[in-house]
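[1] Let's see this in three dimensions:
(one chain, ligands or ions: 1)
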Amino acid sequence: LITVIGLGFVGLTTALGFADKGFKVYGLDNDILKYQELEKGKVPFYEPMLEDKLKELSETGSFILTKDLEKAVNDSDTVFLCVGTPAGDDGKADLNFVKKAALEAVKNVCNNDIKTIVVKSTVPPGTTMNKLKSFLEDRGVKDNVLLANNPEFLREGCAWQDFTEPDRIVIGISDERSKPSLENYYKSFDAPVFFVSPNTAEFIKYLSNTLLSTMISYANEMSMIADKYGDIDVKKAFNILHMDARWFGEPANMASYAFPGCGFGGYCLPKDTLAINTDAKEMGLESPILSGVLKVNDDVKDFMASKVINNEEKDAKICVLGLSFKPGSDDARDTPAATIIKRLLEAGFTNVSGYDPMAVEEFKRVHNLDINYLDSFSAALADNDVFLIVTAWPDFKMMAQSDKKIYDMRYCLG
Ligand SMILES: NC(=O)c1ccc[n+]([C@@H]2O[C@H](COP(=O)([O-])OP(=O)(O)OC[C@H]3O[C@@H](n4cnc5c(N)ncnc54)[C@H](O)[C@@H]3O)[C@@H](O)[C@H]2O)c1
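    Below you'll find the model as predicted:
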């Protein structure tokens, strides 16, 4: 059995969704007006399908609206918290509803009863296993109460469809004892289920939402810049932008751009972003997204270099794998490898070498850097102890089997 606490968009959909999949679900909400509406079979907000499902699943007894939290939790092995996490005055997520609901749920749990409390509300990384766990422990809650995180990706307006036909299910657990029941509840969903750490699960939700918000603000910033240039059909320009084939296919190639690494380089992205950003400033427009894009591109190279600088001896035999700005190209203009090597040399590293399947000569021509260049991958492997994968050439994937020290700056291994 399942208990769902908080019957808003997410909670009511979750409760009815699991009930529809054949599980018995208790639902609770402490908003008395909302409760009364639900009791009458009315959904107090607009969301297609939910009212029909509320009536149907209440009649069959699969969904039980209740005020008896103690009985609901006693009967259930899993409790989903779907309460709000509004912005606090300080801008941080207000976790008070989550903490309060969790404590109310577990206060009557017997010591030998295993319960999993699943945070479905959107909470920042560290909430479930640090903040909530210590909050409950401080109040005497024992380790028979397990905590998990299961972010929800539904969109308002199509909550039912998004919940019942999700594209992915993410479950953050830190105790294997939570796994069987969660696997059981999600096994009838036709979607891949990823068990990850609670912090990863929490982070994935923010990754998703911040990418969406960033794309919207990017588009809006560009529309304001377009207005300054004048004579630009903004709608048409964006519609044509969307025809880029990289948006299509499975997986769409555009996904490779929403992926971390050690910065973009090459002939086009750096100079073109800089040019538009400079024009925007000249035309009197703040363009914080483009400025931020350029700043992050500088920062990430320093961030990666400092990982090596802070962890390796100055005479370590270090090899930079990949000198071109991307795999499949010998273009070394504005390549992140050059900046990272410069930072290492500035920091006093004395044994730096570089290897690239295609771009060694081009890199030497464009960048005047005093390092050793290696002409084969096997020589690079034989002669060095520390490897920095700076360009994700497919050949370098075999480094996953190497026992040498590796900095995978393109997140391409494993
Ligand atoms: N709305 C969305 O599209 C969406 C999508 C994904 C994730 N989320 C996240 O899910 C969470 C819930 O969002 P929502 O839109 O469903 O919020 P909501 O405000 O519609 O619903 C929250 C419900 O929890 C109830 N509640 C609060 N404390 C309670 C308690 N102690 N006991 C019982 N009920 C309690 C409230 O009365 C309310 O009805 C938030 O963290 C939100 O960020 C929302």
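
[2] For the stretch 151-300 of the chain, what lies in contact range of the ligand?
    Within the stretch 151-300 of the chain, the residues that sit near the ligand (CB under 6 Å from any ligand atom) are 152, 154, 156. C-beta coordinates here come from the backbone N, C-alpha and C atoms, glycine included.

[3] filter the residues you listed to the buried ones?
    With neighbours counted by 16 or more other CB atoms under 10 Å, those contain buried members at 152, 154.

[4] What number of residues are in the vicinity of Lys55?
    14 (other CB atoms under 10 Å).

[5] Please shift the residue numbers so they start at 47 in all later answers.
    Done: numbering now begins at 47, and the last item shifts to Lys101.

[6] how close does the closest residue to it other than its chain neighbours get to Leu100?
    Once flanking residues are discounted, Lys101 sits nearest to Gly87: 5.0 Å by CB to CB, 6 or more residues apart in numbering. Using CB to CB, to the nearest Å, we find Gly87 at a distance of 6 Å from Leu100.

[7] Just confirm the residue nearest to Lys101 contacts Ser104, I think it does.
    Yes - the pair Gly87 / Ser104 is scored as a contact, 7.0 Å apart, by CB atoms under 8 Å.

[8] In terms of neighbours, single out the busier of the two.
    Each of Gly87 and Ser104 has its neighbours counted (other CB under 10 Å); Ser104 has more, 18 against 14.

[9] dump the residue contacts of the more buried one.
    By CB atoms under 8 Å, 6 or more residues apart in numbering, the contact list for Ser104 reads 87, 110-111.

[10] Tell me which helix or strand it sits in.
    Assigned by DSSP states H and E, Ser104 belongs to helix 96-105.

[11] C-terminal to that helix, which secondary structure element comes first?
    strand 109-111.

[12] Check the chain for the residue nearest the ligand and tell me.
    Minimum separation of the chain from the ligand (CB to the nearest ligand atom) falls at Gly54, amounting to 1.9 Å.

[13] Got phi/psi on that residue?
    phi -90, psi -150 (degrees, to the nearest 10).

[14] How about the one 10 residues further on?
    In this entry, Phe64 is assigned phi and psi values of phi -70, psi -40 (degrees, to the nearest 10).

[15] burial count for it?
    27.

[16] And for the one 3 residues further on?
    Lys67 has 15 neighbours, counted by other CB under 10 Å.

[17] cool, Ser224 as well?
    Residues contacting Ser224 under the criterion other CB under 10 Å number 23.

[18] before we move on, what about Val280?
    14.

[19] go on, the one 5 residues further on?
    Burial measure for Asn285: 10 neighbouring residues, criterion other CB under 10 Å.

[20] Next SSE downstream of the strand or helix carrying it?
    Using DSSP H and E, Asn285 sits within helix 280-287. The helix or strand immediately downstream of helix 280-287 is helix 315-328, counting by DSSP H and E.

[21] contacting residues around that following helix?
    For helix 315-328, the external contacting residues (CB under 8 Å, 6+ apart) are 271, 274-275, 310, 332-333, 336-337, 339-340, 343, 380.

[22] Mark which of those are buried, thanks.
    With burial judged by 16+ other CB under 10 Å, the buried subset of the contacts of helix 315-328 is 271, 310, 333, 336-337, 339-340, 343, 380.

[23] Turn those residues into a markdown table, columns for secondary structure and pLDDT.
    Compiled in a markdown table, the buried ones among the contacts of helix 315-328 are given as follows (DSSP: H, G, I helix; E, B strand; the rest coil; pLDDT from 0 to 100):
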| residue | secondary structure | pLDDT |
| --- | --- | --- |
| Ile271 | helix | 98 |
| Phe310 | coil | 97 |
| Ser333 | coil | 96 |
| Leu336 | helix | 98 |
| Ser337 | helix | 98 |
| Val339 | helix | 98 |
| Leu340 | helix | 98 |
| Asn343 | helix | 98 |
| Asp380 | coil | 96 |
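
[24] rewinding a little: okay if I get the contacts of Ser104 as TSV plus pLDDT and distance to the ligand?
    As requested, the contacts of Ser104 are arranged in TSV below (pLDDT from 0 to 100; distance: CB to the nearest ligand atom, whole Å):
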residue	pLDDT	distance to the ligand
Gly87	97	17
Ile110	98	15
Leu111	98	12
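
[25] which one of those residues is nearest Leu228?
    Using CB to CB, Ile110 comes nearest to Leu228 of these, at 20.7 Å.

[26] wait, what's in contact with the closest one?
    Contact analysis of Ile110 by CB under 8 Å, 6+ apart lists 70-73, 104, 118.

[27] quick one: it from Glu102, how far?
    Separation of Ile110 from Glu102 (CB to CB): 14 Å.

[28] Then Ala205?
    Distance of Ala205 to Glu102, computed by CB to CB: 16 Å.

[29] what do you get for Leu257?
    Taken as CB to CB, the span from Leu257 to Glu102 is 36 Å.

[30] now Leu127
    Using CB to CB, one obtains 25 Å as the distance from Leu127 to Glu102.

[31] so how far is the helix or strand encompassing Asn356 from its chain's centroid?
    Asn356 belongs to helix 334-357 when assigned by DSSP H and E. Relative to its chain's centre, helix 334-357 lies at 19 Å (CA atoms, centre = their mean, to the nearest Å).

[32] list the buried ones in the following helix or strand past it?
    Sequence-wise, the next helix or strand downstream of helix 334-357 (DSSP H and E) is strand 364-367. Of the residues in strand 364-367, 364-367 count as buried by neighbour count, 16+ other CB under 10 Å.

[33] Contacts for the helix or strand following strand 364-367 next, please.
    Next along the chain after strand 364-367, taking DSSP H and E as the criterion, comes helix 382-392. Helix 382-392 has contacts (CB under 8 Å, 6+ apart) with 307-311, 344, 347-348, 350-352, 354-355, 364, 366, 368-371, 378, 398, 400, 402, 409, 412-413, 415-417, 434, 436-437, 455.

[34] Show me what the helix or strand just after helix 382-392 is packed against.
    Next along the chain after helix 382-392, taking DSSP H and E as the criterion, comes strand 398-401. Under the contact definition 3 or more CB pairs under 8 Å, 6 or more residues apart in numbering; DSSP states H and E, strand 398-401 sits against strand 364-367, helix 382-392, strand 418-419, helix 423-429.

[35] deepest of these, which one?
    Greatest average neighbour count among these goes to strand 364-367 (a mean of 28), per mean count of other CB atoms under 10 Å.
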